[in-house]
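K.L.:
Just the structure for this:
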Amino acid sequence: MKASHAAGWQPALAPVIVRRHDRDRGADLLVLPERVVVLTGRAALVVGLCDGTRTVPAIVDELAGRFPGAPVATDVPPFLDRLRQEGWLQ
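P.N.:
Numbers count the residues shown, from 1 in each chain. Next up is the predicted model:
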């Protein structure tokens, strides 16, 4: 089931993943077993909202309020779905 079709899905980072800020790189990271992913653009903000309490529509609403006119309704659900397919979100 895709995130865009799972209105009740409350995305959260998978237990084996740690989100942290790397001061040397000036970037937010996802630290996975044997891999580090650098979050670019607004990705860190989106991932930060994936705390297991918000649904995908709630995340979209939050971001739409912060960034009026941005295409969050069309961009964020597929982004979250890709993260889930990678196993980074549950």
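K.L.:
For Arg33, grab the count of nearby residues.
P.N.:
Not Arg; residue 33 is Pro. Pro33: 6 surrounding residues under other CB atoms under 10 Å. Glycine gets a C-beta too; all of them are placed from N, C-alpha and C.
K.L.:
Phi first, then psi, for Phe67.
P.N.:
The phi/psi pair for Phe67 (degrees, to the nearest 10) reads phi -130, psi 70.
K.L.:
Burial check on it, number of neighbours?
P.N.:
Phe67 is flanked by 12 other residues according to other CB under 10 Å.
K.L.:
where's it relative to Val76, distance?
P.N.:
Per CB to CB, to the nearest Å, Phe67 is found 10 Å from Val76.
K.L.:
cool, and Val46?
P.N.:
Val46 is 6 Å from Val76, where distance means CB to CB.
K.L.:
For these two, list the residues in contact with both.
P.N.:
In the contact map built from CB atoms under 8 Å, 6 or more residues apart in numbering, the residues linked to both Val46 and Val76 are Ile59, Leu63.
K.L.:
if I look at the residue located most distally from the centre of the chain, how far off is Ala44?
P.N.:
Ranking residues of the chain by C-alpha distance from their mean position (CA atoms, centre = their mean) puts Asp24 at the top, at 22.5 Å. As for Asp24, its distance to Ala44 is 16 Å (criterion: CB to CB).
K.L.:
what does Asp22 give?
P.N.:
Using CB to CB, one gets 11 Å for the distance from Asp22 to Ala44.
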